[in-house]
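A.B. asks: no sequence on hand, only this structure:
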């Protein structure tokens, strides 16, 4: 996510190391590098210029705090200005209607249909009752795609095939929602390869009929400054309430995200960060600014972990580890839970200094190893997973063939697992010993 921009900004900050005091001369090179990094990231020219002017004014007018180095103060100013540029704080959805109508608009190929499904799943997890509405009458495949997403997510989809009037579809969807107690309608509308007047007028008529609580513009983050031009046009025609940035997990340069709020005045509300249905998250400006500057995003990582991990299961596994009863079945469960957090690259990227670690790490090899481990364990019988000591040569050949690996790879995985089991047993014995000593330790320490 914004790897190139993040790397260039961190390179610019290296000039600030050992800075004795802040002056126009000694921060000039750094500010020029930051400005160049923003422009290369396809940030709007005026937005980049104003950003540098604000950072410069605040840096030169900053009182030097004795306990903080001047260079660190400038980084703090850049961070705060980035947060402000991205929208200051997370802006949630306005869900005060009954039912609520959310209109997703945008160009063809921006990710509207997928974002509609992801948004519906997110609202469902929050206790809402969403209804997906196929309001794209120009692309028949859009209806099929939305129905497929609905089945995968086990969410209802309103489709009225053969109907070419979007307003009639909207009326039918409202009637269906009231009859089935669905309180949030998400309209997946038609797009075009470019903005044209018929598209805009169709959306205007739909807006006037529904009076939606939210009009969300879906934009592909990889389109750079062009996304800002699209946003400006849609905002002038429809008065959008916010936007959704898709494909932020790709090689997006960041121009759209960093320019959007400044140009339109409308917040980015959500971001798509992957292909999976769960790869959709509220947009938090402060967290995004920290990621861009290589400071990580531990809060989002903890939230992902809390959602992916069942506390009761975690406690049960912890108990098994302490007792030395951790099996390959438990290991398989751990591998699958880790997959729910996202790719290793995304997890490391959320850690402080993660972007630097990613420069020198090839995580694709580790991801491949995890997939092979899962395949190996899945090729075993339940008895073999619980008691790997019964795996003789014949069984190992069968498992290796079934999982598409060599017997050597299988043996390596089993040896590593055995070492891990031994380490867990030792830790369990140590914790028991400490527990027995625990009653006397406080008094001994006080004495």
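C.D. replies: Noted; the coordinates are in hand. What you are looking at is a predicted structure, and each value in this text was computed from that prediction instead of being measured.
A.B. asks: per-residue pLDDT of residue 296, please?
C.D. replies: Looking at residue 296, its pLDDT stands at 55.
A.B. asks: against residue 3, how distant is the closest residue to residue 372 other than its chain neighbours?
C.D. replies: Excluding its sequence neighbours, the residue lying closest to residue 372 (CB to CB, 6 or more residues apart in numbering) is residue 405, at 5.4 Å. Just so you know, the C-beta spots here come from the backbone N, C-alpha and C atoms, and that holds for glycine as well. Using CB to CB, to the nearest Å, one obtains 32 Å as the distance from residue 405 to residue 3.
A.B. asks: how about the strands of this structure, start to end?
C.D. replies: Taking DSSP state E as the test, the strands found in the chain are 100-105, 130-135, 157-158, 184-189, 214-220, 242-246, 268-272, 280-282.
A.B. asks: mind putting the ones you listed in CSV, mean neighbour count and distance to residue 255 included?
C.D. replies: Shown next, in CSV, are those (neighbours: other CB atoms under 10 Å; distance: least, CB to CB, whole Å):
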stretch, mean neighbour count, distance to residue 255
strand 100-105, 24, 21
strand 130-135, 28, 30
strand 157-158, 24, 34
strand 184-189, 27, 25
strand 214-220, 25, 11
strand 242-246, 26, 11
strand 268-272, 24, 13
strand 280-282, 18, 20
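A.B. asks: quick check: which of the ones you listed is nearest to residue 23?
C.D. replies: For the strands of the chain, proximity to residue 23 was assessed by CB to CB; strand 268-272 is nearest, at 35.5 Å.
A.B. asks: distance of the residue lying closest to residue 123 once chain neighbours are set aside relative to residue 186?
C.D. replies: In space, and not counting its chain neighbours, residue 123 is closest to residue 130: 4.9 Å by CB to CB, 6+ apart. Separation of residue 130 from residue 186 (CB to CB): 6 Å.
A.B. asks: common neighbours of those two, please.
C.D. replies: Residues touching both residue 130 and residue 186 by CB atoms under 8 Å, 6 or more residues apart in numbering: 119-120, 123.
A.B. asks: which of the residues you listed ranks first by neighbour count?
C.D. replies: residue 120 (29 neighbours; other CB atoms under 10 Å).
A.B. asks: check contacts around that one.
C.D. replies: Neighbours of residue 120 in contact, by CB under 8 Å, 6+ apart: 130, 132, 150, 153, 155, 184, 186.
A.B. asks: now residue 405
C.D. replies: Applying CB under 8 Å, 6+ apart, we find residue 405 in contact with 372, 375-376.
A.B. asks: what pLDDT does the residue positioned nearest the centre of the chain get?
C.D. replies: What sits nearest the mean C-alpha location of the chain, by CA atoms, centre = their mean, is residue 273, with 4.2 Å. pLDDT recorded at residue 273 is 83.
A.B. asks: same question for residue 265.
C.D. replies: What the model reports as pLDDT for residue 265 is 89.
A.B. asks: got phi/psi on it?
C.D. replies: Dihedral angles of residue 265 (phi, psi; degrees, to the nearest 10) stand at phi 80, psi 0.
A.B. asks: how near is it to residue 136?
C.D. replies: In terms of CB to CB, residue 265 sits 28 Å off from residue 136.
A.B. asks: same question for residue 172.
C.D. replies: Look at residue 172 and residue 136: by CB to CB, they are 15 Å apart.
A.B. asks: the more surrounded of those two?
C.D. replies: Applying other CB under 10 Å to residue 172 and residue 136 shows that residue 136 carries more neighbours, namely 23 against 15.
A.B. asks: got the contact list for that one?
C.D. replies: Applying CB under 8 Å, 6+ apart, the residues near residue 136 are 112-113, 142-143, 188-191.
A.B. asks: biggest separation within the residues you listed, which pair?
C.D. replies: 143 and 191 (13.7 Å).
A.B. asks: more neighbours, the two?
C.D. replies: residue 191 (24 against 19).
A.B. asks: and the residue nearest to the more buried one when sequence neighbours are not counted, its phi and psi?
C.D. replies: Leaving aside its sequence neighbours, residue 191 sits nearest to residue 108 (CB to CB, 6+ apart; 3.8 Å). Phi and psi for residue 108, reported as degrees, to the nearest 10, are phi -60, psi 130.
A.B. asks: can you count the residues close to residue 108?
C.D. replies: 15.
A.B. asks: all numbers from here: first residue = 35
C.D. replies: Got it, first residue is 35 now, which makes that one residue 142.
A.B. asks: quick one: it from residue 253, how far?
C.D. replies: Computed as CB to CB, the residue 142 to residue 253 distance reads 12 Å.
A.B. asks: then residue 68?
C.D. replies: Relative to residue 253, residue 68 is positioned 24 Å away (CB to CB).
A.B. asks: what pLDDT does the model give residue 399?
C.D. replies: Looking at residue 399, its pLDDT stands at 75.
A.B. asks: run a quick neighbour tally on it.
C.D. replies: Residue 399: 8 neighbours (other CB under 10 Å).
A.B. asks: ok, it to residue 283 distance?
C.D. replies: When distance is defined by CB to CB, residue 399 is 20 Å away from residue 283.
A.B. asks: again with residue 298
C.D. replies: Distance check for residue 298 against residue 283: by CB to CB, it reads 23 Å.
A.B. asks: quick revisit: the shared contacts of residue 164 and residue 220 into CSV, with extra columns for pLDDT and distance to residue 77?
C.D. replies: Below are these laid out as CSV (pLDDT from 0 to 100; distance: CB to CB, whole Å):
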residue, pLDDT, distance to residue 77
153, 96, 27
154, 96, 32
157, 95, 32
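A.B. asks: among these, which ones are in helices?
C.D. replies: 153-154, 157 (DSSP state H).
A.B. asks: can you spell out the domain ranges of the chain, please?
C.D. replies: According to automatic domain parsing, the chain is divided into the following domains: 37-120, 134-307, 338-468.
A.B. asks: let me have the strands of the chain in TSV, extended by distance to residue 49.
C.D. replies: Putting these into TSV (distance: least, CB to CB, whole Å) gives the following:
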stretch	distance to residue 49
strand 134-139	43
strand 164-169	50
strand 191-192	54
strand 218-223	47
strand 248-254	34
strand 276-280	31
strand 302-306	30
strand 314-316	33
